[in-house]
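[1] coordinates for the following, if possible.
(chains A and B)
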Amino acid sequence: SQQGEEDPQALSIQEGENATMNCSYKTSINNLQWYRQNSGRGLVHLILIRSNEREKHSGRLRVTLDTSKKSSSLLITASRAADTASYFCATASFRGYSTLTFGKGTMLLVSP
Amino acid sequence: DAGVTQSPTHLIKTRGQQVTLRCSPKSGHDTVSWYQQALGQGPQFIFQYYEEEERQRGNFPDRFSGHQFPNYSSELNVNALLLGDSALYLCASSLDTSEAFFGQGTRLTVV
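    Numbers count the residues shown, from 1 in each chain, chains lettered A, B, ... in the order given. I've put the predicted structure just below:
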């Protein structure tokens, strides 16, 4: 079963704009991770944020986590055509070791 | 570091047949997890291996089984294939509760 839900399901923007994707989940978590997937290939790990962290940055990526609302957001600044992909959030529970529960993903299209 | 490698990349099998997929984890990682991703969906957890034992299992039937070898590599076996088993099968390796690194996946088509 899917734990989280990403919103929106699809997002279309122009190069240079910012893209924001949201993720909601249902149960308590140890950490939340964001992944990118190009054209149904493997998942690329983007960033991990632990339950005691509120914000994390990595290059053009900014992730926030609000455990009280059970939600997270991924911001990609100054987007590029190469950012076109599906983005998934995945949660790891305290008792689940490193097993991940994924949402259905957000498809991001960045047009030149 | 070669990262997580999976083989084969693509596979076509007939209903009722059996299939074995292989995964080599990232160097230094001792935990291997398998996921099934149907078209348009997020990956779903199948099972996880640690110290050559199945540590956790998702909601998949017993037709799905696995193995982990002493070098931490792993196999996923699916018996009595159904059309609905057609999917991208992803292997992920990790160390404890750190981030999971995924391979490129094996695209299985059952006809």
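
[2] whichever residue of chain A sits closest to chain B - nearest residue in space that isn't next to it in sequence?
    Chain A approaches chain B most closely through A:Phe102 (3.4 Å), counting by C-beta to the nearest C-beta. C-beta: built from backbone N, CA, C; applies to glycine. Excluding the flanking residues, the one nearest A:Phe102 by C-beta to C-beta, 6 or more residues apart in numbering or on different chains is B:Gly42, at 3.4 Å.

[3] pLDDT score for that neighbour?
    We note a pLDDT of 93 for B:Gly42 in this prediction.

[4] how close does it get to A:Tyr35?
    9 Å (C-beta to C-beta, to the nearest Å).

[5] who touches both of those two?
    Residues touching both B:Gly42 and A:Tyr35 (C-beta atoms under 8 Å, 6 or more residues apart in numbering or on different chains): A:88, A:90.

[6] contact partners for residue 58?
    Answering for chain A, as no chain was given. Per C-beta under 8 Å, 6+ apart, neighbours of A:Ser58: A:46-47.

[7] not quite, I wanted chain B
    Neighbour list for B:Gly58: A:99, B:44-47 [criterion: C-beta under 8 Å, 6+ apart].

[8] one more pass at 7 Å, please.
    Neighbouring residues of B:Gly58 by C-beta atoms under 7 Å, 6 or more residues apart in numbering or on different chains: B:44-47.

[9] can you give me phi and psi for it?
    Phi and psi for B:Gly58, reported as degrees, to the nearest 10, are phi -90, psi -170.

[10] pLDDT value on it, please?
    Per the predicted model, pLDDT is 93 at B:Gly58.

[11] same deal with A:Gln2?
    In this model, A:Gln2 carries a pLDDT of 51.

[12] just A:Glu6 next, same as before
    At A:Glu6, pLDDT is 84.

[13] list the buried residues of the helix or strand hosting it.
    According to DSSP states H and E, A:Glu6 maps onto strand A:5-7. Of the residues in strand A:5-7, those with enough neighbours to count as buried (16 or more other C-beta atoms under 10 Å in any protein chain shown) are A:5-6.

[14] so which elements touch that strand?
    Helices and strands touching strand A:5-7, by 3 or more C-beta pairs under 7 Å, 6 or more residues apart in numbering or on different chains; DSSP states H and E, are strand A:19-24.

[15] parallel or antiparallel, list what pairs with the strand it packs on.
    Applying DSSP bridges, strand A:19-24 is found paired with strand A:5-7 (antiparallel), strand A:71-76 (antiparallel).

[16] quick one, the following helix or strand past it and strand A:71-76 angle?
    Once strand A:19-24 ends, the next helix or strand along the chain (criterion: DSSP H and E) is strand A:31-37. Per axes from the mean of the first three to the mean of the last three C-alpha atoms, to 10 degrees, the angle that strand A:31-37 makes with strand A:71-76 is 40 degrees.

[17] quick one: strand A:31-37 to chain centroid distance?
    With C-alpha atoms, centre = their mean, to the nearest Å as the basis, strand A:31-37 stands 5 Å off its chain's centre.

[18] any idea how far the closest residue in space to B:Phe69 that isn't next to it in sequence is from B:Val19?
    Distance criterion C-beta to C-beta, 6+ apart; nearest residue to B:Phe69, sequence neighbours excluded, is B:Glu52 at 7.1 Å. Taking C-beta to C-beta as the measure, B:Glu52 and B:Val19 are separated by 21 Å.
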